[in-house]
Structures are given as C-alpha cells and as structure tokens.
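Participant: based on what follows, work out the 3D shape:
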Amino acid sequence: MDFKKLLAYQKAFSLAMEIKKVSDSFPKEEKYALTDQVRRSSRSVCANIAEAYRKRRYINHFISKLTDSDGENSETSVWLDFALECNYLSKSQYIDLVNKSEEIGRIINYMILNPTKFGCKS
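Facilitator: Take a look at the predicted model:
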C-alpha cells in the first residue's frame, strides 16, 4: 500500500488544504507569523505520516515519526486557537477544523498503538 492511501494521511492532507484556504484571508501582518506557522505545522503532519510509513521496517522509527506527526497536529490546534482569539476564524470554522484535527490525532494514536497493522514487524 502507498502512504497516500492511509486514512490518517488523507484526512491530514485534506485538513492542511482547508487551513491553507481559510488562512488566505488572514491579515498580511500575520504572513510570517500565524499564517506561515499554521500552514507549516498542518503540512508537516502529512509529511511525517509519509516518512513513518516508509520507515515501517523499523518499528521504533515508525512510532517516532508518528509521534512527530502527532506533535505537529497538536501544534496546528494551538495555532487555530490563536486564529480564533484574533478573530481570523469564525467559531464554526474553528470547531470544524479542530474536530478534524482531533480525529486525525485519534487515528495517528491508533497507528502508534498498533504498528503491526501497518506493516511493522513485531
């Protein structure tokens, strides 16, 4: 299987693209602060899932990269908190994005707890 077929990757990629679209409307003064940070962290979730999958031959490397992905997902949630408090997102946009991030976190944690289901040798 290709990493792009993993549910976690697909959902994380979709969320990163949604975040890109909503952050297009953030103020210009946030370009190198909040906008850049939330985009980078959300995209990094996907990149780390891809790296983890390619390292699945080594269970500890697989888990380590998924842990990095989970950390980036949590960072994305923090940036969304800031975007809400700065009134760059509506409450409904925020809830939708955070709910998706939480779902991705649950899937990543499932992968961490069940590495053999994703091709790792025990």
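Participant: helices of the protein, residue ranges please.
Facilitator: 7-23, 36-54, 59-85, 91-113 (DSSP state H).
Participant: my read: Lys65 touches Asn48, true?
Facilitator: Yes: counting by C-beta atoms under 8 Å, Lys65 does reach Asn48; the two are 5.2 Å apart. In short, each C-beta sits where N, CA and C put it, glycine included.
Participant: quick revisit: out of the helices of the chain, which gets nearest to Cys120?
Facilitator: Closest approach to Cys120 among the helices of the chain is made by helix 59-85 (4.4 Å; C-beta to C-beta).
Participant: show me what the closest one is packed against.
Facilitator: Taking 3 or more C-beta pairs under 8 Å, 6 or more residues apart in numbering; DSSP states H and E as the contact definition, the neighbouring helices and strands of helix 59-85 are helix 7-23, helix 36-54, helix 91-113.
Participant: chain center to stretch 101-115: distance?
Facilitator: Relative to the mean C-alpha coordinate of its chain, stretch 101-115 is positioned 11 Å out (C-alpha atoms, centre = their mean, to the nearest Å).
Participant: low-scoring stretches of this structure, by residue?
Facilitator: Using pLDDT under 70 as the threshold, the predicted model of the chain has no low-confidence range.
Participant: hey, which of the helices of the chain is tucked in deepest?
Facilitator: helix 36-54 (a mean of 21; mean count of other C-beta atoms under 10 Å).
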